[in-house]
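1. no sequence for this one, just the structure:
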């Protein structure tokens, strides 16, 4: 944080974390839940719809079909019901059918699967570029174009209790809340670059439909566009040693105005805005399309 | 077993000059070149390893019963230096507990790692390939023994050596002061390296645990490769007259495909492990980007072995289920050639789908599209197998003896595990499920409820042949029902946890995940009772000694092993049986 930015920082924090009803959405697991977390991006909605409308009916159908055949066999072809076994060993027609039918089902699945991965893997023109760096055992975030960089560690259990004692707007969640949440703007394409400083980690936010390995010596990329303001949690999703379960991801999606305030509060500069606080506006003030 | 032989003397199948040594003669086992004795040693080894690996999963489930790290800290090893600090008052009780909690995090990771390695390399593979393969491949093809009996001996005896090294690895320092390797059975670099440095040297594995593990897996791999060569030679060259390839029982076909996968995939693992070894000890940089290497290369090499490996674990089960279903339906296998070549094609396609384990590694659109398509293709031959088993039962006169219960359980639960595999094949959805409990549920449905059900089915199918005794049908049936209910309660809720986003290999979880974790742990307790009933069934069988006779299963059991006495003579087929065309399929 740069000199002179302290006051702005305090004001910004108040503006963002004390804001009125901005926290309608929460991307977190629900007790006893059996389904996906609530989607917050178009990609995640597509994942849920592909899973619920195509994959689930097919796999439940196949399983129930096999179960029904087995139950019928148990009832109809047990030793008492059918004392003399038949001796057939071939039936060309049925063999052709049970080879072709799965092929057709798989083609149907693929027809839905490929558009989804094209959507996931084609990174659209993005307003912001976020660099995520995995470390043992915390995450570092950088909006290099905006001159913002933060590190985000797990919020210790006693602080979770302490924070919740004050009935905060956003309750702290054990193992999910962080000391310094990542803030992203609502409705903007964010291009995410993911890498690691040491072992392999994976940056994942279930309600965004995003999971990308953080690998030393590589920069992986993905993207998201959060639709509703809210707080969204994720956890490291590649075994990275002792504290693998203790490097959560907390993302707060806020309005563009609030995002601009946060950037300034962190000592950064929004593109087009005059340099706030000390320091120079970054060279790449015009954060244009990254591709 | 000498008194047993005396009881059998003069029996119809007794072979003259059956020089079966006493079971109390250690030379019989140490120097054994007899495929049946070696098979028995493999089975005993697999049961012992399975109990150890199963106990580890019990510790995992007990820790995960409720949120917080509450159970494992009681079990961690506290080194002398820490105890001294406690005694001299530098460390108070609260600090000691905090130290134990920290140590328990690594301990949990090691339990996950060694549970996986033990179940794969020291339980399922020895039981299926070493145990049932050794026992029944020669019997089923009408061979007197394996092609290389002395190589068979070293194949087995390398395994206890390998297991001992793995257990040493579990106990010696792994990451910093923490004992054992905690990087998962996949041993991903750089976590499995000792590059260390930086703020957290214990984020890597700088201790000797990983080196012991590399050595252990090298030896286990050598053991498997030697065994595989033995099976290939035996099956290609030692079939009885008239036993053509297309008349071999499907269990022999499944073993043939399995051992080819072993021979082709294990050297790749050996290469990856050796590179890891030199990266750790001789400053090579195969997987170190700082020296021009690539950590992702390790994953490609590992999964080029690892994916065929999962078919190695399940294919012998396919073979056993085929024998069992045909026997108890009293009907020949439906679509024999389709069944055999479905296994061959599963084996072949199994070599070109490895990167579906790595969808989140950043491979890009084209590769993802290829691996989605290739992976889903496997569903076709797998579907042929499922439907052919059903068609084998269709029109049959089915006896629901215990092996048949396991086989039918296998068919349904493997289907459930298979369809979630089709879900995971789609990398778009895998983005959500990757490295969550959904994956844990999927591979336990195909392995814990698939491969293990097949092993129990094969065990109860062949134990009368192997031991000469009949098991207690009530006890064995009770075990089936307890375990069927138990394992489903363990693993079905894990689909829900995965969909909710709970990552795997996490020692602690947010309270929202408690409900299903608690139920999963209850399922474990039920399963453990089932395992106890299994041990009681075994003990009861050997104590009561009900004679089984040559063929306890009747007309449906028509493969060659049932033409011999139970147990078979120490050396069988001194005169080779001649297989006539009509005895085929």
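-> Nice, thanks for sending it over. In this text the structure is predicted, and so the values were computed from the model without any measurement. Numbers count the residues shown, from 1 in each chain, chains lettered A, B, ... in the order given.
2. can I assume residue B:396 is in contact with residue B:331?
-> Yes: counting by Cβ atoms under 8 Å, residue B:396 touches residue B:331, with 4.2 Å between them. C-beta: built from backbone N, CA, C; applies to glycine.
3. These two: which is more packed in?
-> Using other Cβ atoms under 10 Å in any protein chain shown, the more surrounded residue of residue B:396 and residue B:331 is residue B:396, with 27 against 24.
4. didn't residue B:356 look like it was pressed against residue B:372?
-> Yes: in this structure, residue B:356 is within contact of residue B:372 by Cβ under 8 Å, at 7.5 Å.
5. which residues are common contacts for these two?
-> Residues touching both residue B:356 and residue B:372 (Cβ atoms under 8 Å, 6 or more residues apart in numbering or on different chains) are B:425, B:427.
6. what's the neighbour count on residue B:551?
-> Count around residue B:551 with other Cβ under 10 Å applied: 19.
7. For it, what is the enclosing helix or strand?
-> Remark: residue B:551 resides in no helix or strand, with elements defined by DSSP states H and E.
8. Distance check, it against chain A.
-> Distance of residue B:551 to chain A, given as Cβ to the nearest Cβ, to the nearest Å: 17 Å.
9. I'd say that residue and residue B:557 touch.
-> Yes: between residue B:551 and residue B:557 there is a contact under Cβ under 8 Å: 5.5 Å.
10. overlap in contacts of those two?
-> With Cβ under 8 Å, 6+ apart, residue B:551 and residue B:557 have no common neighbours.
11. quick one: the helices in the stretch 251-400 of chain B?
-> Assigned by DSSP state H, counting those that start in this stretch, the stretch 251-400 of chain B shows helices spanning B:295-329, B:336-349, B:365-377, B:379-393.
12. is it possible to export the ones you listed to TSV including mean pLDDT, distance to chain A and mean neighbour count?
-> Output for the helices of the stretch 251-400 of chain B, formatted as TSV (pLDDT from 0 to 100; distance: least, Cβ to the nearest Cβ, whole Å; neighbours: other Cβ atoms under 10 Å in any protein chain shown):
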stretch	mean pLDDT	distance to chain A	mean neighbour count
helix B:295-329	97	6	25
helix B:336-349	96	6	20
helix B:365-377	95	4	19
helix B:379-393	96	4	23
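13. Contact partners for residue B:397?
-> By Cβ under 8 Å, 6+ apart, the contact set of residue B:397 is A:77, A:78, A:79, A:82, A:83, A:84, A:85, B:329, B:330, B:331.
14. out of those, which are buried?
-> Those of the contacts of residue B:397 that meet the buried threshold are A:77, A:82, A:85, B:329, B:330, B:331, by 16 or more other Cβ atoms under 10 Å in any protein chain shown.
15. what's the closest of those residues to residue A:230?
-> residue A:77 (55.8 Å; Cβ to Cβ).
16. In chain A, which residue sits nearest chain B?
-> Nearest to chain B in chain A, going by Cβ to the nearest Cβ, is residue A:217, at a distance of 2.3 Å.
17. host element of that residue?
-> Going by DSSP H and E, residue A:217 is not part of any helix or strand.
18. Might you list the low-confidence residue ranges for the chain?
-> Went with chain A since none was named. Chain A contains residues with pLDDT under 70 at A:1-24, A:273-291.
19. look at chain B instead
-> B:1-18, B:197-202, B:582-585.
20. can you do 50?
-> Applying pLDDT under 50 to chain B flags the ranges B:1-16, B:583-585.
21. what do residue B:396 and residue B:331 both touch?
-> A:85, A:86.
22. Residue A:187: which of the contacts of residue B:397 is nearest?
-> Closest to residue A:187 out of these is residue A:77 (60.7 Å), distances taken as Cβ to Cβ.
23. of all the residues in the stretch 151-291 of chain A, which ones are close to chain B?
-> With Cβ under 8 Å from any Cβ of the partner chain as the criterion, the stretch 151-291 of chain A comes near chain B at residues A:173-176, A:194, A:197-200, A:202, A:204, A:206, A:209-213, A:215-218, A:220-221, A:234-246.
24. hang on, the earlier thing: dump the contacts of residue B:397 into a markdown table; add distance to residue B:256 as well.
-> Listed next are the contacts of residue B:397 as a markdown table, based on distance: Cβ to Cβ, whole Å:
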| residue | distance to residue B:256 |
| --- | --- |
| A:77 | 31 |
| A:78 | 33 |
| A:79 | 33 |
| A:82 | 34 |
| A:83 | 36 |
| A:84 | 34 |
| A:85 | 28 |
| B:329 | 24 |
| B:330 | 26 |
| B:331 | 24 |
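25. Quick one: end-to-end distance for stretch A:165-176.
-> One end of stretch A:165-176 to the other measures 17 Å (Cα to Cα, to the nearest Å).
26. list the buried ones in that stretch?
-> Of all the residues in stretch A:165-176, those buried under the rule 16+ other Cβ under 10 Å are A:170, A:172, A:173, A:174, A:175, A:176.
27. cool, and stretch B:538-547?
-> Buried positions in stretch B:538-547, judged by neighbour count with 16+ other Cβ under 10 Å: B:538, B:540, B:541.
28. Whichever strand or helix holds the first one and chain A in contact?
-> What it means is residue B:538. Secondary structure assignment for residue B:538, by DSSP H and E: helix B:514-544. Yes: using Cβ under 8 Å from any Cβ, helix B:514-544 reaches chain A at B:514, B:515, B:516.
29. Apart from its chain neighbours, what residue comes closest to the residue lying farthest from the centre of chain A?
-> Computed with Cα atoms, centre = their mean, the residue of chain A farthest from its C-alpha average is residue A:84, at 58.1 Å. Leaving aside its sequence neighbours, residue A:84 sits nearest to residue B:397 (Cβ to Cβ, 6 or more residues apart in numbering or on different chains; 6.3 Å).
30. now residue A:139
-> Using Cβ to Cβ, 6+ apart and skipping the chain neighbours, the partner closest in space to residue A:139 is residue A:152 (4.8 Å).
31. For that neighbour, grab phi and psi.
-> phi -130, psi 110 (degrees, to the nearest 10).
32. Quick check: of the buried ones among the contacts of residue B:397, which lies closest to residue A:108?
-> Residue A:108 lies nearest to residue A:77 out of those, by Cβ to Cβ, at 32.0 Å.
33. is it true that the closest one touches residue B:392?
-> No: counting by Cβ under 8 Å, residue A:77 does not reach residue B:392; the two are 10.5 Å apart.
34. Now for the two: what residues contact both?
-> By Cβ under 8 Å, 6+ apart, the residues touching both residue A:77 and residue B:392 are residue B:329.
35. So is the longest helix seen in chain A next to chain B?
-> The longest helix of chain A (DSSP state H) is helix A:92-121. Yes: using Cβ under 8 Å from any Cβ, we find that helix A:92-121 touches chain B at A:94-95, A:98-99, A:102-103, A:106, A:109-110, A:113-114, A:116-118, A:120-121.
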